[in-house]
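>>> My questions concern the predicted model and sequence given below.
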Amino acid sequence: MHTPWGASHGPGTPHGEGITLYSTSSYGGFFVAPELNAKVPDYLRAATYRQLGEQGWYEEDQDWSIVAIVFPDRFSADDVKDAHRFAAMRFDFPGATNALADAYQRWVAEQPCDHGPTPSCPRLDAQAAIRARTEAPGL
């Protein structure tokens, strides 16, 4: 497979049907099939490195967070939390921060608290992360 970063080292690592992580000699990222990429909000596709999200490519250092946020069922809970935390800082432009916070709150609402509302409960972690993001200077 040819990627925006060069030839892929093999067939890539699937993250469910329609999403594949590719590695190259110098870089890598996710490819999201067109029917799934249509579910990524326009403003996030346009905010990607060199606007590669418009063609379904999301680089591995920053833009991966978009894929994890839009398709959280394809990633671990820790990866999704990291994606939201990263995206809240990275995609700081009108409308993005609120939309990302809304997506995070929806995702967190679906997460179980195995031992009741304790400090390890994902809901409490999410509330703290959202408070930190909204109270941070410049956001």
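Yep, it's here.
>>> all strands for this structure, in order.
2-3, 6-7, 13-14, 19-23, 28-32, 57-59 (DSSP state E).
>>> Which one of those lies nearest to R90?
strand 57-59 (11.7 Å; C-beta to C-beta). (C-beta placed from N, C-alpha, C; glycine too.)
>>> Tell me which helix or strand in the protein has the weakest average pLDDT.
helix 122-135 (a mean of 58; mean pLDDT, DSSP states H and E).
>>> before we move on, the earlier item: can you tell which of the strands of the chain is closest to D73?
strand 19-23 (10.4 Å).
>>> Where does pLDDT dip in this structure?
91-102, 104-105, 108-109, 111-139 (pLDDT under 70).
>>> can you do 90?
For the chain, applying pLDDT under 90 flags the ranges 1, 26-27, 41-49, 62, 77, 81-139.
>>> hey, C-alpha coordinates of stretch 24-35 in PDB?
Provided in PDB are the C-alpha atoms of stretch 24-35 (Å, rounded to 0.1, in the frame of the first residue of the first chain):
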ATOM      1  CA  THR A  24       6.600   3.200   6.700                       C
ATOM      2  CA  SER A  25      10.300   3.700   6.900                       C
ATOM      3  CA  SER A  26       9.900   7.200   8.100                       C
ATOM      4  CA  TYR A  27       6.400   7.700   9.400                       C
ATOM      5  CA  GLY A  28       2.900   6.300   9.400                       C
ATOM      6  CA  GLY A  29      -0.700   6.700  10.200                       C
ATOM      7  CA  PHE A  30      -4.300   5.500   9.900                       C
ATOM      8  CA  PHE A  31      -6.300   5.100   6.700                       C
ATOM      9  CA  VAL A  32     -10.000   5.400   7.200                       C
ATOM     10  CA  ALA A  33     -12.200   4.100   4.400                       C
ATOM     11  CA  PRO A  34     -14.400   6.600   2.600                       C
ATOM     12  CA  GLU A  35     -17.700   5.400   4.000                       C
END
